[in-house]
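# Sequence isn't available, so here's the structure alone:
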């Protein structure tokens, strides 16, 4: 759910809750005021009747003062003060049998006449007051519904305009390319928070691009500076190995140094390649058929396959992809190299290419590998003389182009599958 929807939901819930509670308090307050007004009217009625009895020394007849109903009953009850309460009000109609009962407000009081006490009850209709209360409550509910509707419309349309700078920043962040020399084109805003966000994004992008350029320069320089001395060492070792005066022990030592230097050179190249892949420094994308690259690699590895008498079975369909041909060649090369290196003599390799996936399967001496560690850096088998970065590089190349590289052990075959979707 979007932030604006969360905000609208919270605003409407809080507003409705506040108005609901306020409505209850409002209703109770109106009811209290109405009852107070009726009680004052009833008190005046009681005072008028008491005054009449005191002046005339007799009870009044059956009276109906302004639709107020009056009863007098002789009693021995003692009542210290007037008692107000709600009571039914029986409204008489002209036609017999059509009387109507309404809600009313009544008062009880004692009237003394010639030493006798009479219980006076006066009942007044609340119908007019209730109609007024209902009208006020109805208007209040209508205004509440109108307020909620206005809030919903305001949150949906007016506040959307306030969030335009945020969505503009978000779109540009999604399209941000670290290698692009262009800068953010941020819209001006009068909202302080969005202004601070604009400044933070500009500062962050400038710092990231600066770090990117520094890393790119370091990678390029390191590639040249480290390869040069390694090439010198290799050249000197080549010269020493060709010296016929070398003893067998010296030849063995120099050969070991030569092998270690070659491994160091491969390690250096692999680490530099990982840095380039991780920082998206290789951007020579083109569209080509993956089948052609696999056929080229089968031909290149033919001699190595013959040494181990490995049988290759391929089922290759056409698959057009858009990527760096250089990186895809490294990917296929690493998968081939892994399948041959960790295979057995007279082993088998199966290659299957479809529009949706590429599968490499090979026989091997060992059982299933640890799928959670196989793509980590410097993870390799006990008998492996590689750098332990081949599958890591393959995994990173796949990730860069949105492919998914997985490992499984099926039917005694080590299976590496690249899913293109």
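Cool, the structure landed. Source: prediction; values computed, not measured.
# For residue 72, what are phi and psi?
Backbone dihedrals for residue 72, given as degrees, to the nearest 10, come out at phi -130, psi 130.
# residues contacting it?
Counting by Cβ atoms under 8 Å, 6 or more residues apart in numbering, residue 72 touches 59, 60, 111, 118, 119, 120, 121. For the C-beta atoms, the positions are set from N, CA and C on the backbone; glycine is no exception.
# so who does residue 321 touch?
Counting by Cβ under 8 Å, 6+ apart, residue 321 has contacts 287, 288, 290, 328, 401, 420.
# now it, what's its secondary structure?
With DSSP: H, G, I helix; E, B strand; the rest coil as the basis, residue 321 sits in strand.
# quick one: it and residue 294, what's the gap?
12 Å (Cβ to Cβ, to the nearest Å).
# Spit out the residues that contact these two alike.
With Cβ under 8 Å, 6+ apart, residue 321 and residue 294 have no common neighbours.
# How far does stretch 198-208 sit from its chain's centre?
Relative to its chain's centre, stretch 198-208 lies at 24 Å (Cα atoms, centre = their mean, to the nearest Å).
# tell me the average confidence for it?
Taken as a whole, stretch 198-208 carries a mean pLDDT of 83.
# And for it, what's in contact with it?
Contacts for stretch 198-208 (Cβ under 8 Å, 6+ apart): 165, 169, 172, 173, 176, 178, 183, 184, 186, 189.
# Just the buried subset of these, please.
165, 169, 172, 184, 186, 189 (16 or more other Cβ atoms under 10 Å).
# Take the residues you listed and keep only those in helices.
Here DSSP state H is the test, and these give 165, 169, 172 as lying in helices.
# Closest one to residue 405 out of those, please.
Nearest to residue 405 out of these is residue 172 (Cβ to Cβ; 31.4 Å).
# ok, the closest residue to that closest one other than its chain neighbours - contacts?
Leaving aside its sequence neighbours, residue 172 sits nearest to residue 184 (Cβ to Cβ, 6 or more residues apart in numbering; 5.4 Å). The contact partners of residue 184, by Cβ under 8 Å, 6+ apart, come to 169, 172, 176, 198, 201, 202, 205.
# quick one: pLDDT of residue 184?
On the pLDDT scale, residue 184 gets 71.
# Please state the offset of stretch 47-55 from the chain centre?
78 Å.
# what comes into contact with it?
59, 60, 63, 65, 70, 109, 111, 112, 113, 120, 122.
# Equivalent analysis for stretch 324-339, please.
Contacts of stretch 324-339 (Cβ under 8 Å, 6+ apart): 273, 277, 282-286, 288, 290, 293-294, 297-298, 301, 321, 349, 360-362, 390-391, 393-394, 397-398, 400, 414, 416.
# Which ones among those residues lie within helices?
273, 277, 290, 293-294, 297-298, 390-391, 393-394, 397-398, 400.
# out of the residues you listed, which are buried?
Of these, these count as buried by 16+ other Cβ under 10 Å: 273, 277, 290, 293-294, 297-298, 390-391, 393-394, 397-398.
# Let me see the ranges of the helices in the stretch 301-421 of the chain.
302-308, 325-341, 390-400 (DSSP state H, counting those that start in this stretch).
# List the buried residues for the second one?
By neighbour count with 16+ other Cβ under 10 Å, helix 325-341 contains the buried residues 325, 327-328, 330-341.
# was I right about residue 75 contacting residue 120?
No: with contact defined as Cβ atoms under 8 Å, residue 75 does not count as touching residue 120 (9.8 Å).
# Next, show the common contact partners of the two.
Counting by Cβ under 8 Å, 6+ apart, the residues touching both residue 75 and residue 120 are residue 110.
# Which one of those two is surrounded by more residues?
Shown here are residue 75 and residue 120; by other Cβ atoms under 10 Å, residue 120 has more neighbours (24 against 13).
# got a list of what the more buried one touches?
So, once contact is read as Cβ under 8 Å, 6+ apart, residue 120 ends up touching 46, 49, 50, 70, 71, 72, 108, 109, 110, 111.
# check which helix or strand covers it.
strand 116-125 (DSSP states H and E).
# Let me know the average pLDDT across the very next helix or strand once past that strand.
Sequence-wise, the next helix or strand downstream of strand 116-125 (DSSP H and E) is helix 127-153. The pLDDT scores in helix 127-153 average 80.
# Number the residues from 664 up from this point.
Got it, the first residue is 664 from now on, which makes the last one we talked about helix 790-816.
# Identify each buried residue in helix 790-816, please.
For helix 790-816, by 16+ other Cβ under 10 Å, it's 792, 796, 803, 807.
# Now the second one. Nearest residue, chain neighbours left out?
This points to residue 796. Closest to residue 796 by Cβ to Cβ, 6+ apart is residue 693, at 5.3 Å.
# Lowest pLDDT pick from the contacts of stretch 710-718?
Ranking these by pLDDT, residue 728 lands last with 49.
# my guess is the residue nearest to residue 796 meets residue 799, correct?
Yes: counting by Cβ under 8 Å, residue 799 is a contact partner of residue 693 at 6.2 Å.
# which ones are touching the residue nearest to residue 796?
So residue 693 contacts 796, 799, 800 (Cβ under 8 Å, 6+ apart).
# before we move on, back to that, kindly reformat the buried ones among the ones in helices among the contacts of stretch 987-1002 as a markdown table containing pLDDT.
Formatted as a markdown table, these follow (pLDDT from 0 to 100):
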| residue | pLDDT |
| --- | --- |
| 936 | 74 |
| 940 | 75 |
| 953 | 91 |
| 956 | 90 |
| 957 | 91 |
| 960 | 87 |
| 961 | 86 |
| 1053 | 76 |
| 1054 | 84 |
| 1056 | 85 |
| 1057 | 87 |
| 1060 | 88 |
| 1061 | 89 |
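# of all those, which comes closest to residue 817?
residue 1061 (48.3 Å).
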